[in-house]
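1. Starting from these lines, generate the structure:
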Amino acid sequence: MFKDSSEVDRVLDILGNETRRRILHLLAEEPHYFIQISRDLRVSQQAVLKHLELLESLGLVSSFRVKSDLAAPDRKYYRLSRSLYLSIGITEDNVNIQMRDIGQNQIEAKKGFRGLMLNDEVKQSDEDEESVSGLLKSSHDLLKNIDERIGEIERHKVSLLKLKQNVMKRIHDSIRSNFDSVLERSVLYSLVASDAPLDVEFLSEQFNVREREIERCIEGLKRRLTLPFE
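-> Residues are numbered from 1 along each chain as shown. Model (predicted):
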């Protein structure tokens, strides 16, 4: 499921901090007590708690309590609690930033990649060192195969982005050559970037122009061009 731009902006802002990214890498290995995080990252406990609060606000991290063996207060641990995929493509004539949640449905994964799953006997056999060795071996080979497949997909995606860049460049060059009005060009750029009809209210807010002026601009463009989605 793709997310709206406001949530994407929040994720980018939060992940723009190196310490928060380091916290995520640490929690990806196993849950940590916040004092552990402070010690491992050599960051003050107060700063760590502030970073964790921000990560919790997006649902990237959640906390749980574990009873202490000693006569001490319960310990509050943190773990990763959300799986998502962030895609950023920036070319000369296009910027595309998308985010989608990664579901936990293993059936969907099996349908598309039947050869890239752990055997049931390997998944359920982790009670002794010999079983762990088998799991490590199988997982290592499987992860290598998965990474190779991801690499192939990413290379294909880059090729598509290059093609999209060429198409967008031709469109932008044509718009700049044929329209002197800044507003008309801006409206056309928005039309090209969208897969839906133009939203007058949205464009008015985005360009800080009255809705009536946007409507006149669109009517003028309709007289000159056959616009998509009409």
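2. Doesn't residue 209 lie inside a strand?
-> No: per DSSP: H, G, I helix; E, B strand; the rest coil, residue 209 lies outside any strand segment and is coil.
3. Report how many residues lie close to the nearest residue to it once chain neighbours are set aside.
-> Nearest residue to residue 209, sequence neighbours excluded (CB to CB, 6 or more residues apart in numbering): residue 183, at 6.5 Å. In this view, the C-beta of every residue, glycine as well, is placed from N, C-alpha and C. Residue 183 is flanked by 18 other residues according to other CB atoms under 10 Å.
4. try residue 184
-> Going by other CB under 10 Å, the residues that sit close to residue 184 add up to 17.
5. Then the one 4 residues further on?
-> Under the neighbour criterion other CB under 10 Å, residue 188 is assigned a count of 23.
6. and if you look at the one 5 residues further on?
-> Summarising burial for residue 193: neighbours were counted as other CB under 10 Å, giving 12.
7. All further residue positions should be reported with the first residue as 12.
-> Taking 12 as the first residue, the last one we looked at is residue 204.
8. ok, now which ones touch the closest residue to it other than its chain neighbours?
-> Nearest non-adjacent residue to residue 204, counting by CB to CB, 6+ apart: residue 105, 8.0 Å away. If you count contacts by CB atoms under 8 Å, 6 or more residues apart in numbering, residue 105 has them with 172, 175-176, 179, 204.
9. which residue is nearest the centroid of this protein?
-> In the chain, the residue lying closest to the centroid (CA atoms, centre = their mean) is residue 97, at 1.8 Å.
10. now that one, which residues is it bridged with?
-> Beta bridges link residue 97 to residue 110, judged by DSSP bridges.
11. was I right about it contacting residue 21?
-> No: if you go by CB atoms under 8 Å, residue 97 and residue 21 don't touch, sitting 11.7 Å apart.
12. Can you report how many residues neighbour residue 66?
-> 23.
13. circling back: please check the contacts of residue 105 and keep the buried ones.
-> Using 16 or more other CB atoms under 10 Å as the burial test, the contacts of residue 105 include 176, 179 as buried.
14. Closest one of the contacts of residue 105 to residue 66?
-> Distance to residue 66 across those (CB to CB) is lowest for residue 172, with 29.4 Å.
15. Give me the three-state assignment for that closest one.
-> Per three-state DSSP, the secondary structure class of residue 172 is helix.
16. quick one: it from residue 105, how far?
-> Distance, residue 172 to residue 105, by CB to CB, to the nearest Å: 8 Å.
17. how about the helices in this protein?
-> 16-26, 29-40, 45-52, 56-68, 117-123, 131-135, 140-189, 193-204, 211-218, 222-235 (DSSP state H).
18. Which helix or strand in this protein has the lowest average pLDDT?
-> helix 131-135 (a mean of 50; mean pLDDT, DSSP states H and E).
19. What's the local residue count around residue 104?
-> 16.
20. No further questions, thank you.
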